[in-house]
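Undergrad: A structural model of the following input is requested.
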Amino acid sequence: MPGRRLTRAERRSIADGLTRGLDLTAIARGLGRPTSTVLREVARNGGPGRYHPELAQYATARRARRRPRPAPSTPERYGGDPDPRAAAAFVTEFSAALVETGLPRTAAGVLAWLYASETGSCTAGELAQRLQVSAATVSQAVGFLNKCALIRRGYDGRSRRHRYYLDDDAGFRSVVVVVRAGRRLAGTALRGADTFGTDTPAGARLAVTGRLLEQLGDDVLRSARRRWQTTADGTEDAPGPGAPTPSPEDPPPPGSQAGPPVPA
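TA: Next up is the predicted model:
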């Protein structure tokens, strides 16, 4: 029966399975390990595309040398699930999915824990403990998320500490962040088309890619904005005949806080 920690050989087997295109469930089955163990291992060490067994082994040894942090006297409950291992496995999987949308790894971990939190909030110390990172790393992550208007900072009078809250419109603003990244890529592709000339094979490919990414971003944002607005207004999910179609440049719906500007 394998021990609690993965061995170097097991990490090499995980890397080999990822290279062969196996899913994490199949890799875990081959190791005789729970899928959640492999999920955490891969997500903690760069994700499926960046996992390296030797770097993972080194990082684990380094974490083991750290002084363990004391557990909080009243730990935050997550998702109402009495099994903390199930909650942690979900957060790891959700965090890995957020990383694939373009979020930095620690910022994705912070957002995932806030989503899973029963109150939708955590202190910086709680986040550092759950992510096993330094307070400075958490500070950088929450600064990024706050700039994207995905979270907001408040003050807990009882604990006399700052708390970070998941913004009520975090779902919509997450779409904005993804669209912004897609538009940056689209703009770069279109500049490349101008550089090579659209009458060349390279320029033509870049132009098609750039226009496609622009159109996809517009469509996704327009659909998200329409659904968000109708839900906030308590109206039907789909607009009626003749209803105006919001554009990416429309202001946020009435009653909402202003979010980050949508790039042109």
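Undergrad: wait, Thr37 sits on Leu6?
TA: Yes. Thr37 sits in contact with Leu6 when judged by Cβ atoms under 8 Å, with a separation of 7.2 Å. Any C-beta I mention is one placed from the backbone N, CA and C, and that applies to glycine too.
Undergrad: low-confidence bits of the stretch 1-150 of the chain, can you list those?
TA: 1-4, 62-83 (pLDDT under 70).
Undergrad: Arg222 is in what secondary structure piece?
TA: helix 201-233 (DSSP states H and E).
Undergrad: kindly report the same for Arg153.
TA: strand 151-156.
Undergrad: got the CA coordinates for that strand in PDB?
TA: Extracted as PDB, the C-alpha positions of strand 151-156 are listed here (Å, rounded to 0.1, in the frame of the first residue of the first chain):
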ATOM      1  CA  ILE A 151     -12.800  40.300  -5.200                       C
ATOM      2  CA  ARG A 152     -13.100  43.100  -2.700                       C
ATOM      3  CA  ARG A 153     -11.500  43.900   0.600                       C
ATOM      4  CA  GLY A 154     -13.400  44.500   3.800                       C
ATOM      5  CA  TYR A 155     -12.600  44.700   7.500                       C
ATOM      6  CA  ASP A 156     -13.700  42.100  10.100                       C
END
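Undergrad: still on that earlier bit, so what secondary structure elements neighbour the helix holding Arg222?
TA: In terms of contacts (3 or more Cβ pairs under 8 Å, 6 or more residues apart in numbering; DSSP states H and E), helix 201-233 is packed against helix 170-196.
Undergrad: give the buried residues for the helix it packs on.
TA: 170, 172-183, 185-186, 189-190, 192-193, 196 (16 or more other Cβ atoms under 10 Å).
Undergrad: any idea of the mean pLDDT in that helix?
TA: The pLDDT scores in helix 170-196 average 82.
Undergrad: run the chain-centre distance for it.
TA: Helix 170-196 sits 17 Å away from the centroid of its parent chain (Cα atoms, centre = their mean, to the nearest Å).
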